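Colleague: Please find the sequence and the predicted model below.
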Amino acid sequence: MTARKSKSRCNHSSRPAFSFFMSAQIRWAWLGLMFLICSFSASAQTEESPLLVVEHTLPNSPEPKVAADAPEDQKKVTGTVSGRVVGQDGVAVAGAEVRLTLEGQSLSQEVMTNEDGQFTFTNVAPGSFQLTITSEGFAANTSTLVLHAGENLAVPQMSMVLATEVTKVRVELSPIEIAQEQMNDEMKQRVLGVIPNFYVTYVSNAAPLSTKQKYHLSLRLTIDPAYIVSAAAVAGVQQARNEFSGYGQGAQGYAKRFGATFGDFTMSNLLGNAVFPSVFKQDPRYFYKGTGGAKSRALYAIANAVICKGDNGHWQVNYSSIAGSLAAGGISNLYYPSSDRGAALTFENTAIGIGGSAILNLMKEFVLTKITTNVPRRPDPTNPSSP
């Protein structure tokens, strides 16, 4: 009995130790299994999804550059284009028009340079673009540049070159203004620089004179000192030859002769060069020919004693000169001596006047032009390049 009890005790004392050992083995087995399961799960997650990395950008850090393979919406980040426009002397060109046109687009942006010649474009899409600068008096300046996404592009200073071609502005004058300029030139014409030669025009297509201009030219000749001196000289010759003897001699006779002569000059000038030309719309001036043979020029000069150019540019009978001579002769009957009056004398003097006009026209055509000052230069028909 005793032996059995001792064996039984030994068996009961070894069971707890064995149980503990077995429990430890089981725990390590479970831990190993759990480790394998976790490792397998982590490995599976790594293969199924990439690691998520979050980048933080500091507030003051520069904007990152957009890669060429970046999404399309990132490539369209706009930028700015600015610059300055100056002339060849370096002075700012204010008010110049600057046009920016993107490549492949018809629409464009336009701005004007400020007083410092500066310009700026904002919200410009990236890509190739063209800048065109225009300003009055300068040749257009065109440049092709490239803007990157988000870039603030400062264009190098752009210099404008003065235009080589100047636009000619032609101011059209009215016929009256043209005639006034031509008449002003004619009033500078003087034989030997002294005697008026106002009634000769060297412009073949001279503009017709207005009524006011005809009277002005006539009165300008009447008050010219050379005109008065001429009347005084003629009166002296008449006094010496005792013409119009009814006036007598001495100072009183000379004064009457001078008054009559000056009256003849004035009435003939006023009626023949202003009054009747205005009534009949004719030009009282002699149109210098200057071309052709001597014979054709002589016939032209003689014919101009009885014909003239009308205000319409057509040649016609010189009613103005003929009527002026007759009217002046009729008026002279009021102050000439009774022995030198009468209708027959008036017509005789008119005929003499026409002959005198023919002789004077020949002198205008062949002689006076050579000794007249301020005659405008005429083109040489033998030299087309001459002015």
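Modeller: In hand now; what should we look at?

Colleague: and residue 311, what is it in contact with?
Modeller: Residue 311 makes contact with 208, 209, 281, 282, 283 under the criterion CB atoms under 8 Å, 6 or more residues apart in numbering. For the C-beta atoms, the positions are set from N, CA and C on the backbone; glycine is no exception.

Colleague: Recalculate using a threshold of 7 Å.
Modeller: 208, 281, 282, 283 (CB atoms under 7 Å, 6 or more residues apart in numbering).

Colleague: Let me see the mean pLDDT of stretch 370-379.
Modeller: Per-residue pLDDT over stretch 370-379 has a mean of 82.

Colleague: do the same with stretch 240-248
Modeller: For stretch 240-248, mean pLDDT is 90.

Colleague: helix or strand for the closest residue to residue 279 other than its chain neighbours, which one?
Modeller: Leaving aside its sequence neighbours, residue 279 sits nearest to residue 320 (CB to CB, 6 or more residues apart in numbering; 7.7 Å). Assigned by DSSP states H and E, residue 320 belongs to helix 319-332.

Colleague: can you give me phi and psi for the closest residue to residue 181 other than its chain neighbours?
Modeller: In space, and not counting its chain neighbours, residue 181 is closest to residue 173: 7.6 Å by CB to CB, 6+ apart. Dihedral angles of residue 173 (phi, psi; degrees, to the nearest 10) stand at phi -90, psi 150.

Colleague: separation between residue 173 and residue 198?
Modeller: 21 Å (CB to CB, to the nearest Å).

Colleague: Looking at those two, which is more packed in?
Modeller: When neighbours are counted by other CB atoms under 10 Å, residue 198 comes out ahead of the other of residue 173 and residue 198, with 20 against 11.

Colleague: show me where this structure has helices.
Modeller: Using DSSP state H, the helices of the chain run over residues 2-48, 72-75, 175-186, 211-222, 225-240, 250-270, 276-280, 294-303, 319-332, 343-366.

Colleague: thinking again about what came up before, going by neighbour count, which of the contacts of residue 311 are buried?
Modeller: For the contacts of residue 311, a neighbour count by 16 or more other CB atoms under 10 Å gives the buried set as 208, 282, 283.

Colleague: Serialize those residues to a markdown table and add fields for pLDDT and distance to residue 304.
Modeller: Shown next, in a markdown table, are these (pLDDT from 0 to 100; distance: CB to CB, whole Å):
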| residue | pLDDT | distance to residue 304 |
| --- | --- | --- |
| 208 | 95 | 16 |
| 282 | 96 | 12 |
| 283 | 96 | 11 |
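
Colleague: mind listing what the closest residue to residue 309 other than its chain neighbours touches?
Modeller: Spatially, and ignoring its direct neighbours in sequence, residue 309 is nearest to residue 283 (4.9 Å; CB to CB, 6+ apart). The neighbours of residue 283, taking CB under 7 Å, 6+ apart as the test, are 208, 209, 277, 308, 309, 310, 311.

Colleague: Please report how far the residue lying closest to residue 188 once chain neighbours are set aside lies from residue 285.
Modeller: Distances taken as CB to CB, 6+ apart place residue 374 nearest to residue 188, at 4.1 Å, with adjacent residues excluded. Counting by CB to CB, the gap from residue 374 to residue 285 is 16 Å.

Colleague: Pick out whichever of the two has more residues nearby.
Modeller: residue 285 (24 against 12).

Colleague: Show the low-confidence segments of the stretch 51-200 of the chain, by residue range.
Modeller: 51-76, 164-171 (pLDDT under 70).

Colleague: If we use 80, what do you get?
Modeller: Counting by pLDDT under 80, the stretch 51-200 of the chain contains low-confidence residues at 51-76, 106, 163-172.

Colleague: quick one: the strands in it?
Modeller: Taking DSSP state E, counting those that start in this stretch, the strands of the stretch 51-200 of the chain run over residues 79-86, 97-102, 108-112, 118-124, 127-134, 141-147, 152-154, 158-159, 190-191, 195-196, 200-201.

Colleague: so residue 232 touches residue 258, yeah?
Modeller: Yes: with contact defined as CB atoms under 7 Å, residue 232 counts as touching residue 258 (5.8 Å).

Colleague: The two: who's more crowded?
Modeller: residue 258 (20 against 14).

Colleague: Per-residue confidence, the more buried one, what does it come out as?
Modeller: On the pLDDT scale, residue 258 gets 94.
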